[in-house]
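In: dropping the sequence and predicted coords here.
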There are 2 protein chains.
Amino acid sequence: MRVKGWSTANIIKKTTTRKIQMNGTRFDIIKKGSITTVPGFYAGSSHCGLKNSDEKLDITIIYIPDGSACSGVFTTNSFQAAPVVVDREILRKKGMVKAVVINSGIANACTGKQGMENAVNMQEIAGSTLGTARDEVMVASTGVIGKQLPMDKIEKGIRDCAQKMDPCGGEDAAAAILTTDLVKKNIAVSVPMEGGNSITIGGIAKGSGMIEPNMATMLAFVGTDAKVDKGVLQKVLEAANEESFNSISVDGCQSTNDTVLLMSNGKSGIEVKEKGKNYSYFFEGLLYVMKELARMIVLDGEGATKFIQIHVKGAPDYAQAKRAALKIANSNLFKTAIFGQDLNWGRINAALGSAGCQFDPENVDIYIDKIKIVEKGRGTDRGEKEASGLLEERDICFTIDLKNGNGCSTIWTSDLSFDYIKINALYHN
Amino acid sequence: MRVKGWSTANIIKKTTTRKIQMNGTRFDIIKKGSITTVPGFYAGSSHCGLKNSDEKLDITIIYIPDGSACSGVFTTNSFQAAPVVVDREILRKKGMVKAVVINSGIANACTGKQGMENAVNMQEIAGSTLGTARDEVMVASTGVIGKQLPMDKIEKGIRDCAQKMDPCGGEDAAAAILTTDLVKKNIAVSVPMEGGNSITIGGIAKGSGMIEPNMATMLAFVGTDAKVDKGVLQKVLEAANEESFNSISVDGCQSTNDTVLLMSNGKSGIEVKEKGKNYSYFFEGLLYVMKELARMIVLDGEGATKFIQIHVKGAPDYAQAKRAALKIANSNLFKTAIFGQDLNWGRINAALGSAGCQFDPENVDIYIDKIKIVEKGRGTDRGEKEASGLLEERDICFTIDLKNGNGCSTIWTSDLSFDYIKINALYHN
């Protein structure tokens, strides 16, 4: 297997740009960062014919030749796609992986026994091509439900991906996993740890429609060169996932294929244990990467013209705050009003009131940015005048204060536009 | 107060058309039936200026001069519109009513103390105009949330309605309560009871968007000349409501104003008690009236091009069947696929799988009419070919068999089209 520019990779990878500080952790965003920005992570991508367009990449392999601890979170849908079943089994048994094969265009979901055989076959072909064991290969698929994978194309694609393995291949990998997405979703950060040395965390994601928590129709693959054992890796992934991919919604529809994998190859030699400063640094860096990927998914939501943040505070607890925020985020009437740049705050009240949360309707305040549009459950004249201009912006931030406790939650969502209908009415054809 | 054609009313009202038989009860649909088809029910309607168009009726009074027992079901939203609060109070205290005043255009919801005063004021004006007590007048409002009612217009409207009181006024009343609805929703049936004499049940409804169970953004007013005491009336209303207005969904959004009132003036002299044949006959007749009104609401759903029936059977219980059916009915991806006449059954599976019901995904069958499109969780080639033509029809009937018990539920919904977006993005302007 040929890897282009192997030796120079780490030098190319480390041009940082923006400095970030979050909850006491300082880290840098790496310019043009992706999953392959992480030392020891490679990717090769190809067009094997699953997407109609001749040029579009539709299969990719993320390769970690030295092996990597792996944790994952998956869809909670009763219909689990074949690759999800296969990956869960690997993580249950082993959790040391060397490759992830991902195809777009066909979801390999609701495909029965044949679908399971095809998923296992994907593992075997990649394993034999890369010279690794079948059960060190994870698989993921996204696209139309119910169709079988054309295994001849998949096989050709896997061999081609292996030929194109590249330490800067993350950008192409991010392209290869897209379906209705319009833009690639990549990021990497460099996080200084105790003692002054840094670790890298990088990831790619896809997702555009069928996006709703638990987990959103999305795939994300995040790598790090920190040394984290499997148990800690799973714990930190679940914690970061709750505040990132589990806090976005495009259309309230849950997928059969959702998969987020976090892989750690330990190449930096810096250990992250269950407690201590390194854990905090690592968590903040990871959370930032996953939140940024989640934000990119919402921004690229099917037909989206707006990026809407809904922050509910003053709820009796976190669960109620999140339920209320999601109820608003998933209200078609709210989403169409935002698309129409119409300050129809009554639809926020109506959605909020149907969430089954405990609060006094006569006590609710709602803000757009810092402007109070609803006070004690009623519209404020001043707010309506001042806030309507804010609806012309792309990014709109609502805060809903229930004044009934300390629970809070933030959800990101998009609006509901003509293009959402267009994309989804004609998707299958 | 003048009532046109009082003496001839009952003769005009009784031209029946179609004969219906349901669960052993036989009854007749009355031609051009409405709530005023019921002896002793009158209605007067007016344009008072709440709707922009000069010609559109926007206020109406349903008048039962001899008084009527009344039962009601209301929205479960935490934000209860002022008229809902007022009506609940009347039913709690008394339950004998002589009039219902309904305006469209403004919902009188999230309007605080002023809104409550206005709702009470509506009662008082109607009471003094009709010569009845304030607490014998029910009120209902529908339209934009957050605006105060212009009470001068309301007062003029109420006086005008009283002047136009008509034993055939139901049709106009049905027009006066509409908002974004395109068609009036009217029906009446004549139900033979024990001993051969008949009772009449008639109703009007409105609803088009913000339609989802518990209860759907809708108003419905149903009258009967059967003699039913308040307790039985409430019981039979709740039972029929569960299978009618609580089994439809247009957009999954719940309203602040939902109100269904069932009024019985006893004019036929035929008594309906808690048990016995008359109860069954009355229930079947009422259920038919309420289901037909519910069906008209879905058919008139905002932007709807399809009427979709989702029947889930084989669930462990009724609650799970209903949850599954609603999850599918409220899936934007499913609804847009139906709009696009695209047999994307994977979206049914995905929605079903996210409903939190107990079933084996490898055992689910899905039908359109009698054609099996999914067998044991997977698409059938034959079904896909044969069923795609059925998606061109206006009425589409899905049956989902979970094969895990005897629970079943039927939900009616519409598709999600460009026009839904158009109507709701620009509603407020």
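Out: Noted; the coordinates are in hand. Note that the structure is predicted; figures quoted are calculated from it, not measured.

In: hmm, residue A:269 is touching residue A:198, no?
Out: No. Applying C-beta atoms under 8 Å, one finds residue A:269 not in contact with residue A:198, separated by 11.5 Å. Every C-beta, even on glycine, is put in place using the N, C-alpha and C of the backbone.

In: who has more neighbours out of those two?
Out: Of the pair residue A:269 and residue A:198, residue A:198 is the one with more neighbours under other C-beta atoms under 10 Å in any protein chain shown, namely 19 against 10.

In: quick check, the residue in the stretch 251-400 of chain A closest to chain B?
Out: Of all residues in the stretch 251-400 of chain A, residue A:346 sits closest to chain B, with a separation of 2.4 Å (C-beta to the nearest C-beta).

In: that residue: how many residues sit nearby?
Out: 27.

In: repeat for residue A:231
Out: Residues within reach of residue A:231, counting by other C-beta under 10 Å, total 12.

In: measure it to residue A:38 for me?
Out: 21 Å (C-beta to C-beta, to the nearest Å).

In: same deal with residue A:370?
Out: Between residue A:370 and residue A:38 the distance is 39 Å, computed by C-beta to C-beta.

In: and for residue A:356?
Out: With C-beta to C-beta as the criterion, residue A:356 and residue A:38 are 43 Å apart.

In: which of those two has more neighbours?
Out: For residue A:356 versus residue A:38, neighbours defined as other C-beta under 10 Å are more numerous around residue A:38 (33 against 11).

In: contacting residues around the more buried one?
Out: Residue A:38 makes contact with A:188, A:200-202, A:223-225, A:265, A:267, according to C-beta atoms under 8 Å, 6 or more residues apart in numbering or on different chains.

In: what's residue A:266 sitting at in phi/psi?
Out: Main-chain dihedrals, residue A:266, degrees, to the nearest 10: phi 70, psi 10.

In: is it in contact with residue A:226, as I believe?
Out: Yes. Because the distance of 7.1 Å satisfies C-beta under 8 Å, residue A:266 is recorded as touching residue A:226.

In: the more surrounded of those two?
Out: A count of neighbours by other C-beta under 10 Å puts residue A:226 above the other of residue A:266 and residue A:226, at 30 against 20.

In: contacting residues for residue A:236?
Out: A:71, A:228, A:262, A:272, A:279, A:282-283, A:286.

In: repeat that for residue A:20.
Out: Taking C-beta under 8 Å, 6+ apart as the contact definition, residue A:20 lies against A:26-29, A:189, A:288.

In: show me how far the host helix or strand of it is from its chain's centre.
Out: Of the helices and strands defined by DSSP states H and E, residue A:20 is found in strand A:16-22. Per C-alpha atoms, centre = their mean, to the nearest Å, the displacement of strand A:16-22 from the mean C-alpha position of its chain is 20 Å.

In: each with direction, which strands does it pair with?
Out: For strand A:16-22, the paired strands and their directions (DSSP bridges) are strand A:25-30 (antiparallel).

In: export whichever helix or strand comes after the strand it pairs with as PDB, just CAs?
Out: Downstream of strand A:25-30, the next assigned helix or strand under DSSP H and E is strand A:42-46. Once side chains and other backbone atoms are set aside, the C-alpha atoms of strand A:42-46 remain, and they are given as PDB (Å, rounded to 0.1, in the frame of the first residue of the first chain):
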ATOM      1  CA  TYR A  42      -4.600   8.600   6.600                       C
ATOM      2  CA  ALA A  43      -7.500   8.600   4.100                       C
ATOM      3  CA  GLY A  44      -8.000   7.500   0.500                       C
ATOM      4  CA  SER A  45     -11.200   8.200  -1.400                       C
ATOM      5  CA  SER A  46     -12.700   7.100  -4.700                       C
END
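
In: done for today, thanks.
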